[in-house]
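Visitor: please find the sequence and the predicted model below.
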Amino acid sequence: MLSPVPLPPYGSGRSEREVRLAVLRPGQASPIRTSWCWRRLLLGARTLMVLGLTVTVMTMAGCHRSSGEIPGLQLPGAHRSASTEGAPTVSPTAAPSPSEPTSTAESSTGGTPARLNRSLAKNSIYAVDLGDTRVSCTVKVRSPKPPLKDANLASYGKKLVSCLVKAFAKPLAIYGIDLTAPKIKTYRKSIKTPCGRFRQRGAPAYYCSITRTIYWPVTGDNGSEAYTFARLGYIGLVAHEFGHHLQGASGMLSEYAQRSYETKSRSERYLLSRRLELQAQCFEGIFLAVTAESIGLSSSDRDQLRMWHAYTGDEDPPGSRKPDHGSSAAQIRWLNRGMESADFGRCNTWTAKKKSVK
């Protein structure tokens, strides 16, 4: 989630997505959600057909979203009014006006600097189409079942991040977007960050834009998170959080934070949060598309991704979930959009109709 919101990697279901951008929900001191998977007993067993094999999956009531949370943006001003309590909160950092393109320093390609548009609706990133691009990553696909040893989680996450940077850095640099690698920080029990305190339960991962770090609880892959049901669970989770990192690198988070702070409508803040999270989902899909051959993306993987997100939508129990990540259908739809097109221009959730980001 950004400390956007946790979704199942498909945040990234409810337990992952995500990862949020170190952007706190309005009214929240911390973007962390309460974990329900262990507080409620198994809701039931469903028999699913995966790759022709019958697999019995125990569906837990209210599993965390598998995407992460976004606590990383600092709020402008001292405090918000009580009327915003319960809604997502964010605070913008100083930055150029998001509606105006700004010149950037010379790109890493050594070419003429591009004019960077940092706005949400017309951002320069939308010009990047990787539909004909294929990226080969040497990192081994590691299924969350059985989970990695806690001591190996961070190193594996760093390898995945390196592949993400390899896939996107050069294409984005052409359009003036300087992409660097975010840090990976795993933790036990809880960790205090500039984006809030993160605990083991609440989200499978968090992205804090202030520190440009993905925070990963070591117990998240112990079976309580929806992303662990997918062979590409680790990849999807990290890619979703990296999606929030892309939003930061392209300058989107500045306008997002400002708009979230200025609006007096709780429903509007939730709408902004859904647009942010679903876009990270779409960016995740782009990575899966360009590395499809390398990671062996199969129809079975797609089924597992859909299953993952089927339990992370805003409509899923518990009833206390807030409408800030999008329905399961929306999460799957935007993930597929990225996978089918590999075009950042197809991930513009900011100009999409409300019904498509519901």
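Guide: Happy to help now that I have it.
Visitor: CA atoms for contacts and neighbours, from now on please.
Guide: Fine.
Visitor: looking at this protein, which helix or strand is least sure?
Guide: Evaluated with mean pLDDT, DSSP states H and E, the helix-and-strand set of the chain has its lowest mean pLDDT in strand 53-60, which scores a mean of 26.
Visitor: quick one: the helices in the stretch 251-358 of the chain, in order.
Guide: Under the criterion DSSP state H, counting those that start in this stretch, helices of the stretch 251-358 of the chain are mapped to 252-262, 266-290, 292-295, 299-309, 328-341.
Visitor: same question, the stretch 51-200 of the chain
Guide: Ranges of helices in the stretch 51-200 of the chain, per DSSP H, counting those that start in this stretch, are 150-173.
Visitor: for it, give me the ranges with low pLDDT.
Guide: Along the stretch 51-200 of the chain, the parts satisfying pLDDT under 70 run over 51-114.
Visitor: wait, Gly131 touches Ala342, no?
Guide: Yes. Taking contact to mean CA atoms under 8 Å, the distance of 4.8 Å between Gly131 and Ala342 places them in contact.
Visitor: more crowded one of these two?
Guide: Ala342 (26 against 16; other CA atoms under 10 Å).
Visitor: got the contact list for the residue nearest to the more buried one when sequence neighbours are not counted?
Guide: Ranked by CA to CA, 6 or more residues apart in numbering and with sequence neighbours excluded, the top spatial neighbour of Ala342 is Ile286, at 4.4 Å. With CA atoms under 8 Å, 6 or more residues apart in numbering as the criterion, the residues that contact Ile286 are 130, 338-344.
Visitor: make it 10 Å
Guide: If a contact means CA atoms under 10 Å, 6 or more residues apart in numbering, then Ile286 has 129-131, 167-168, 239, 243, 280, 292, 335-344, 346-347 as its contacts.
Visitor: what's the answer for Phe242, then?
Guide: Going by CA under 10 Å, 6+ apart, Phe242 touches 1-2, 18-21, 160-161, 164-165, 181-182, 207, 212-214, 236, 248, 280-281, 283-284, 287.
Visitor: and for Gly338?
Guide: For Gly338, the contacting residues are 131, 279-290, 344-347, by CA under 10 Å, 6+ apart.
Visitor: before we move on, what about Ser162?
Guide: If you count contacts by CA under 10 Å, 6+ apart, Ser162 has them with 137, 139, 156, 180-182.
Visitor: list only buried entries from these.
Guide: With neighbours counted using 16 or more other CA atoms under 10 Å, those contain these buried positions: 137, 156, 181-182.
Visitor: now stretch 140-157: buried residues?
Guide: Using 16+ other CA under 10 Å as the test for burial, stretch 140-157 gives 141-144, 147-148, 153-154, 156-157.
Visitor: make CSV from these and add distance to Lys355 to it.
Guide: As requested, the buried residues of stretch 140-157 are arranged in CSV below (distance: CA to CA, whole Å):
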residue, distance to Lys355
Val141, 35
Arg142, 36
Ser143, 34
Pro144, 33
Pro147, 37
Leu148, 39
Leu153, 37
Ala154, 38
Tyr156, 37
Gly157, 34
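Visitor: among those, which one lies nearest to Gly319?
Guide: Proximity of the buried residues of stretch 140-157 to Gly319, judged by CA to CA, is greatest for Pro144, which lies at 27.8 Å.
Visitor: go ahead and confirm the closest one touches Gly233.
Guide: Yes. Using CA atoms under 10 Å, Pro144 is in contact with Gly233, at 6.4 Å.
Visitor: mutual contacts of the two, please.
Guide: Common contacts of Pro144 and Gly233, defined by CA under 10 Å, 6+ apart, comprise 221, 227.
Visitor: still on that earlier bit, tell me which of the buried ones among the contacts of Ser162 fall in strands.
Guide: Among these, DSSP state E puts none in strands.
Visitor: got the contact list for Thr133?
Guide: Applying CA under 10 Å, 6+ apart, one finds that Thr133 lies in contact with 167, 171, 289-291, 342.
Visitor: mind giving me the ChimeraX command for buried ones among the contacts of Gly338?
Guide: Of these, the buried ones go into a single ChimeraX selection, burial set by 16+ other CA under 10 Å:
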select :131,279,280,281,282,283,284,285,286,287,288,289,290,344,345,346,347
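Visitor: buried set for stretch 200-212?
Guide: Residues of stretch 200-212 classed as buried: 200-210, 212 (neighbour count, 16+ other CA under 10 Å).
Visitor: now tabulate the residues you listed in CSV and tack on distance to Pro194.
Guide: What follows is the buried residues of stretch 200-212, written out as CSV (distance: CA to CA, whole Å):
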residue, distance to Pro194
Gln200, 17
Arg201, 19
Gly202, 17
Ala203, 17
Pro204, 18
Ala205, 15
Tyr206, 12
Tyr207, 11
Cys208, 8
Ser209, 9
Ile210, 7
Arg212, 11
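Visitor: in TSV, list those along with secondary structure and distance to Lys264.
Guide: Formatted as TSV, the entries for the buried residues of stretch 200-212 read as follows, by DSSP: H, G, I helix; E, B strand; the rest coil; distance: CA to CA, whole Å:
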residue	secondary structure	distance to Lys264
Gln200	coil	32
Arg201	coil	30
Gly202	coil	26
Ala203	coil	27
Pro204	coil	30
Ala205	coil	29
Tyr206	strand	26
Tyr207	strand	25
Cys208	strand	24
Ser209	coil	24
Ile210	coil	24
Arg212	coil	28
